[in-house]
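Undergrad: structure, please.
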Amino acid sequence: KLQQEIAERKKAEEEIRKNQALNELLLNNLPYAAMIIHKNRTVLATNRAAEDMGVKVGGICWQEYGKSISIPEIDKKYIEEHNKPPEKGTKCVFCQAEKALKNMEPVSIDVEVGENVWETHWVPVNKDSYLHYAIDITERIEYEKELIESRDWLNKSQEIAHLGSWDQNPEEGSISWSDETYRIFGLSPQQFDMTFEKFLTYVHTEDRKTLIEKTNQVLEIGRASCRERV
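TA: Now for the predicted structure:
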């Protein structure tokens, strides 16, 4: 019986080592800091990107990865006064680990920390642990903001000049109209999705044939140009 228990223990230890090796392999293939964390916030596995940030196995996620920046202010004060976390424990104010583990479904939210915005993920591994990683999307957010501002300026300029613009996707037959183009045709901005067929209904019947021919000519010139570049 003792030998059987020893064999089972060795088998269990070997299984743990295999799982750890697999976790490390998977985590190290992620291009951003990632960790597998126990529900008590202890780091069970980590990749090199997280290690470079000071995270280590056995450490606390909010302390090493989060640098204690996002925990509640009352807990920060307690740690300063007692040099240890409160008995109830603590966590980042935005943490969604409990929700992910309760429903056993991934949870993702955008989180602002300092001047950066992070796309943050909690993915259940089992009932007691989860995969946690975050992607810095600050530049993407700034780009989207600039794009929206540019579009707003374009729409305002077209409204003042009473000029419209549009783009056509010949493969799908869809057309994207600016707000002012809708107004020129007596429609409310973005009243409905425009297509080439709908557009033709706003063209005088005597002009439709010519418009279709000219449109096809332009498309063929574009296709020929693409073939030459290839």
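Undergrad: buried sites along the longest strand seen in the chain?
TA: Counting residues, the longest strand found in the chain (DSSP state E) is strand 116-126. Going by neighbour count (16 or more other CB atoms under 10 Å), the buried part of strand 116-126 is 117-122, 124-125. Quick note: C-beta positions are derived from backbone N, CA and C, even for glycine.
Undergrad: centre-most residue in this protein?
TA: The residue lying closest to the centre of the chain (CA atoms, centre = their mean) is E119, at 5.2 Å.
Undergrad: the closest residue to Y78 other than its chain neighbours: how many residues sit nearby?
TA: Among residues not flanking Y78 along the chain, P86 sits closest, at 4.9 Å (CB to CB, 6 or more residues apart in numbering). Residues contacting P86 under the criterion other CB atoms under 10 Å number 14.
Undergrad: just to revisit the earlier point, for the longest strand of the chain, what is the average pLDDT?
TA: Averaged across strand 116-126, pLDDT comes to 93.
Undergrad: what lines up beside that strand in the sheet?
TA: Applying DSSP bridges, strand 116-126 is found paired with strand 107-113 (antiparallel), strand 129-136 (antiparallel).
Undergrad: okay, the shortest one in CSV with CA atoms only?
TA: Going back to what we said before, that points to strand 107-113. What follows is strand 107-113, C-alpha atoms only, in CSV (Å, rounded to 0.1, in the frame of the first residue of the first chain):
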residue,chain,number,x,y,z
VAL,A,107,-14.5,38.7,-19.1
SER,A,108,-12.8,41.6,-20.9
ILE,A,109,-13.0,45.4,-20.2
ASP,A,110,-10.9,48.5,-21.0
VAL,A,111,-9.1,49.9,-18.1
GLU,A,112,-7.4,53.3,-17.6
VAL,A,113,-4.2,53.2,-15.5
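Undergrad: list the buried residues for that strand?
TA: Quick answer for strand 107-113 (16+ other CB under 10 Å): 107, 111, 113.
Undergrad: show me which of these is closest to L154.
TA: V111 (31.7 Å; CB to CB).
Undergrad: for the closest one, list the residues it contacts.
TA: Neighbouring residues of V111 by CB atoms under 8 Å, 6 or more residues apart in numbering: 70, 94, 117-118, 120, 134.
Undergrad: separation between D128 and E81?
TA: Remark: distance between D128 and E81 (CB to CB, to the nearest Å) = 31 Å.
Undergrad: those two - which one has more neighbours?
TA: D128 (12 against 8).
Undergrad: on that earlier part again, which of the buried residues of strand 107-113 sits closest to E51?
TA: For these, the minimum distance to E51 (CB to CB) is 19.7 Å, reached by V113.
Undergrad: hey, what's that closest one bridged with?
TA: Judged by DSSP bridges, the bridge partners of V113 are N116.
Undergrad: what pLDDT does the model give the nearest residue to Y133 once chain neighbours are set aside?
TA: The shortest distance from Y133 to any non-neighbouring residue, by CB to CB, 6+ apart, is to A34 (3.8 Å). Predicted confidence (pLDDT) at A34: the value is 91.
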